[in-house]
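K.L.:
Okay, structure incoming, though there's no sequence with it:
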């Protein structure tokens, strides 16, 4: 193997001249490297477990054949990315092509460090670099691959705009990932399970609820988990708590809501709500449609003779049910 350390960023830097994008990414992450035009493929640790891609996207057969044909015709491809201890963060398909051609050596940019002995911060940097190179070389990243890479970048302090631009995704996609990450970190800090609420609720907690003090935040998370509140209900609750004059007042609000939703909490714990709105919420939605015709009630009259009697019966039965409901509701107020 002919490995020669290069002064990164210098005028004679081969990587900077031939693959400036790769060199820039490495330098931006402050990772040391050197270029080896004849890296021994036998030194690659294929059991390291490092992988940015989902299983079915690792070195696809058609990609290997395509690159092999290009190489056989005299074309060149970017070097693979290696670490000093043989871990290959980027380059599985290119390596597969060289293997198909039975070529024992391959051009490689070698990060001048041992991955297995690196701390978590350095490992995260290598993952970010690998994800970025994977996104730019050949097949783009899938949604799940982007999510994993973006999570690592958020943990490393990257802003959402930069991440979205880097991977070509919508800004709100990365923003929601950030909200979920912040909510999970807050829950963990409070000693609560990170999966105690749904992904949707994590977004709300990380966005609207993140500025709540610890106790109100914990109380809100617990009542969401216990009662299966819907999005609008959670937003209303957080808004009310934000307007509270103190944590003590916020605690009183939560206590009152638990009392108001006692039956709902009990039912949710017993059966869960199956992802559906509770009956009262469904009723309000249905009646909202009826109320749109207030003052124009005649528009709701059934004019098809064969359906008139059925229509009248449903209306009359609904009036009886709603009258009883109004009586129950008044007693609860």
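P.N.:
Great, that's in hand. Small disclaimer: the values here were computed from a predicted structure and weren't measured.
K.L.:
Can you tell me the SS state at residue 108?
P.N.:
strand (DSSP: H, G, I helix; E, B strand; the rest coil).
K.L.:
so how far is residue 48 from it?
P.N.:
Distance of residue 108 to residue 48, computed by CB to CB, to the nearest Å: 15 Å. Placement of C-beta: from N, CA and C, glycine included.
K.L.:
So for those two, which residue has more residues nearby?
P.N.:
Using other CB atoms under 10 Å, the more surrounded residue of residue 108 and residue 48 is residue 108, with 27 against 15.
K.L.:
Could you pull out the helices in the stretch 1-150 of the chain for me?
P.N.:
Along the stretch 1-150 of the chain, counting by DSSP state H, counting those that start in this stretch, helices occupy 14-18, 20-28, 61-72, 92-100, 120-136, 143-155.
K.L.:
Let me know which of the ones you listed is tucked in deepest.
P.N.:
A comparison of the helices of the stretch 1-150 of the chain by mean neighbour count, using mean count of other CB atoms under 10 Å, puts helix 92-100 on top with a mean of 21.
K.L.:
That one vs helix 61-72, what angle?
P.N.:
60 degrees (axes from the mean of the first three to the mean of the last three CA atoms, to 10 degrees).
K.L.:
mean confidence for helix 92-100?
P.N.:
Per-region confidence: helix 92-100 scores 94 on mean pLDDT.
K.L.:
repeat for stretch 262-270
P.N.:
Stretch 262-270 carries an average pLDDT of 79.
K.L.:
List the buried residues of that stretch.
P.N.:
Within stretch 262-270, the residues that count as buried by 16 or more other CB atoms under 10 Å are 264-265, 268.
K.L.:
who's in contact with residue 279?
P.N.:
Neighbouring residues of residue 279 by CB atoms under 8 Å, 6 or more residues apart in numbering: there are none.
K.L.:
Residue 319 and residue 136: what is the separation?
P.N.:
The separation that residue 319 has from residue 136, given CB to CB, amounts to 65 Å.
K.L.:
make that residue 168, sorry
P.N.:
10 Å.
K.L.:
ok, now residue 45?
P.N.:
Separation of residue 45 from residue 136 (CB to CB): 24 Å.
K.L.:
Residue 75 now?
P.N.:
On the measure of CB to CB, residue 75 and residue 136 end up 18 Å apart.
K.L.:
ok, now residue 286?
P.N.:
51 Å.
K.L.:
got it, and residue 206?
P.N.:
Taken as CB to CB, the span from residue 206 to residue 136 is 29 Å.
K.L.:
and the residue nearest the centre of the chain, what element?
P.N.:
In the chain, the centroid-proximal residue (CA atoms, centre = their mean) is residue 177; its distance is 4.1 Å. Residue 177 is located in helix 171-189, with elements delineated by DSSP states H and E.
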